[in-house]
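Novice: return atomic coordinates for the entry below.
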Amino acid sequence: MQEKGIPERRTAFLETCFDTFCENGLENTSLKMLADACGVTNGSLLYYFESKDNLVIEATAHCMAKVENDFMAQAPTSFADIERFLREMPYLTAKLHGAKYRFMYQVYASPKYREYGKEFFKGVNIRYHNYAELLSGKLGMPTDFIQGMTYLFVRACVHYALFEDEDYLQLQLNAIRTSLRAFIAMKTGSENWKAGGAHE
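Specialist: Numbers count the residues shown, from 1 in each chain. The predicted model follows:
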């Protein structure tokens, strides 16, 4: 669908509508409720998006990508900063974005929107790889390793945001910490081996 209207206004509509959906749920949110929240008529929203379904699809994809960006803006700035990230982000994510994750899963679990969910999560793979590349130099770790840890951590954060399951969260965080310790041991052992070889 070709985008219509003023881009900045379109973005504002997407974000306001998404908040309204999160507050009221997928089935309980009418087009009129969305229009009222945006301060416009039903016709104005339909001019921009053509249908409520399009609004659901676009608002979810736009706002959940924004949540990812906000999440990664808090990413560790050094290896020593990783523990702060692990300790703080699950609770911050639940506080700021719990309702958004609940709505996202409500949308993408619906047969009507499932194909759009598949496309969104394909994009997640690309975005996580890009995040990992950006962090690799700062953390001194390979991109693939960071990407794998990111998947585990985000899954733990989302699960906690949805269910507030502290036992599951701590289990996943301990698995990540174990992987980090193994990485340090492997890296230290490799460096020692290289240093030993250099003196032979």
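
Novice: so how far is residue 180 from residue 154?
Specialist: With distances taken as C-beta to C-beta, to the nearest Å, residue 154 is found 16 Å from residue 180. C-betas here are computed from N, CA, C, even on glycine.

Novice: any idea how far residue 107 is from residue 64?
Specialist: Distance from residue 107 to residue 64, by C-beta to C-beta: 9 Å.

Novice: likewise residue 89?
Specialist: From residue 89 across to residue 64, the span is 16 Å (C-beta to C-beta).

Novice: ranges for the helices of the protein?
Specialist: If DSSP state H is used as the criterion, the helices of the chain fall at 7-24, 31-38, 42-49, 52-73, 82-108, 114-139, 143-163, 166-199.

Novice: tabulate the ones you listed in JSON lines, adding columns for mean neighbour count and mean pLDDT.
Specialist: As requested, the helices of the chain are exported to JSON lines (neighbours: other C-beta atoms under 10 Å; pLDDT from 0 to 100):
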{"stretch": "helix 7-24", "mean neighbour count": "17", "mean pLDDT": "96"}
{"stretch": "helix 31-38", "mean neighbour count": "17", "mean pLDDT": "98"}
{"stretch": "helix 42-49", "mean neighbour count": "16", "mean pLDDT": "95"}
{"stretch": "helix 52-73", "mean neighbour count": "18", "mean pLDDT": "95"}
{"stretch": "helix 82-108", "mean neighbour count": "17", "mean pLDDT": "96"}
{"stretch": "helix 114-139", "mean neighbour count": "14", "mean pLDDT": "94"}
{"stretch": "helix 143-163", "mean neighbour count": "18", "mean pLDDT": "95"}
{"stretch": "helix 166-199", "mean neighbour count": "12", "mean pLDDT": "81"}
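
Novice: hang on, residue 98 packs against residue 163?
Specialist: No. Using C-beta atoms under 8 Å, residue 98 is not in contact with residue 163; the gap is 9.7 Å.

Novice: next one: the residue most central in space within the chain from residue 154, what distance?
Specialist: With distances taken as C-alpha atoms, centre = their mean, the residue of the chain nearest its centroid is residue 68 (3.3 Å). For residue 68, the distance to residue 154 (C-beta to C-beta) stands at 8 Å.

Novice: ok, now residue 70?
Specialist: Applying C-beta to C-beta to residue 70 and residue 154 gives a distance of 12 Å.

Novice: residue 41 too?
Specialist: Taking C-beta to C-beta, one finds residue 41 at 39 Å from residue 154.

Novice: over to residue 171?
Specialist: From residue 171 to residue 154 the distance is 15 Å (C-beta to C-beta).
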